[in-house]
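> Sequence plus predicted model, see below.
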Amino acid sequence: MTLRLVSVSKSFAGRAVLSDVSLAVEAGESVRLTGPSGIGKSTLLGIAAGLAAPDSGRIERPPRLAMAFQQDALLPWADAFSNLTYALAALPDAKGRARTWLDAFDLAADLTPEKMSGGMRRRLSLARAFAAGAPLLLLDEPFAFLDAPWRRRIARSIDEAAARGTAVLYATHQAEETPESTRRTLTLAEGGRLIALG
């Protein structure tokens, strides 16, 4: 088991955002998390990543994971190449990985985030997550700010990651291209309940 949440609950100001949520994502599987904006998808991903603590419940995750945030969380003073190499510094051949993913996502190495469009910043954030090669990949709105060809390219990247044995959990509130590796869709409903759609 690569990721497991067991009976996880989380409330903010008395409002239940997650209520007794249990889910598992296996190695080589991608799972889609849906629900309207503000329902708690980012909270669930943050708890899965260990960035926030649940009020109750248990989380099992691998010691290494990668995440692309809804807000791109790029280093504003660093160019695209440095944004990747900084995040990949602990990995072998960080510079080679950075160049490979900049090329794959058609990004100029010397551009800083302020000189990029929203779509380019999104691609850089995603490139940083995919380049890590972690056993668990968490993606928050990976298709946002992208046109149709790039949404399809990101869907293929999710499939490629799953084919390498990565467990992928991605959240979206839009009806986007669904990666072929996605066999299950889960939706968050009011009250923080998680419903399996298929």
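Ah, there it is.

> Which secondary structure elements does the top helix by length along the chain sit against?
Longest helix in the chain by number of residues (criterion: DSSP state H): helix 148-163. Contacts defined by 3 or more C-beta pairs under 8 Å, 6 or more residues apart in numbering; DSSP states H and E place helix 148-163 against strand 30-34, helix 118-131, strand 136-140, strand 167-171. For the C-beta atoms, the positions are set from N, CA and C on the backbone; glycine is no exception.

> any chance of these in CSV, plus mean pLDDT?
Formatted as CSV, those follow (pLDDT from 0 to 100):
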stretch, mean pLDDT
strand 30-34, 95
helix 118-131, 95
strand 136-140, 97
strand 167-171, 96
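
> okay if I get these as CSV plus distance to Leu197?
Supplementary listing: the helices and strands packed on helix 148-163 in CSV, determined by distance: least, C-beta to C-beta, whole Å:
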stretch, distance to Leu197
strand 30-34, 8
helix 118-131, 24
strand 136-140, 18
strand 167-171, 14
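
> possible to save these as a markdown table with mean neighbour count and distance to Ala52?
Listed next are these as a markdown table, based on neighbours: other C-beta atoms under 10 Å; distance: least, C-beta to C-beta, whole Å:
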| stretch | mean neighbour count | distance to Ala52 |
| --- | --- | --- |
| strand 30-34 | 23 | 16 |
| helix 118-131 | 22 | 18 |
| strand 136-140 | 26 | 12 |
| strand 167-171 | 26 | 14 |
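
> ok now the longest helix of the chain, how far from the chain's centre?
In terms of C-alpha atoms, centre = their mean, to the nearest Å, the centre of helix 148-163 is found 12 Å from the chain centre.

> same thing with stretch 101-112?
On C-alpha atoms, centre = their mean, the centre of stretch 101-112 falls 19 Å from that of its chain.
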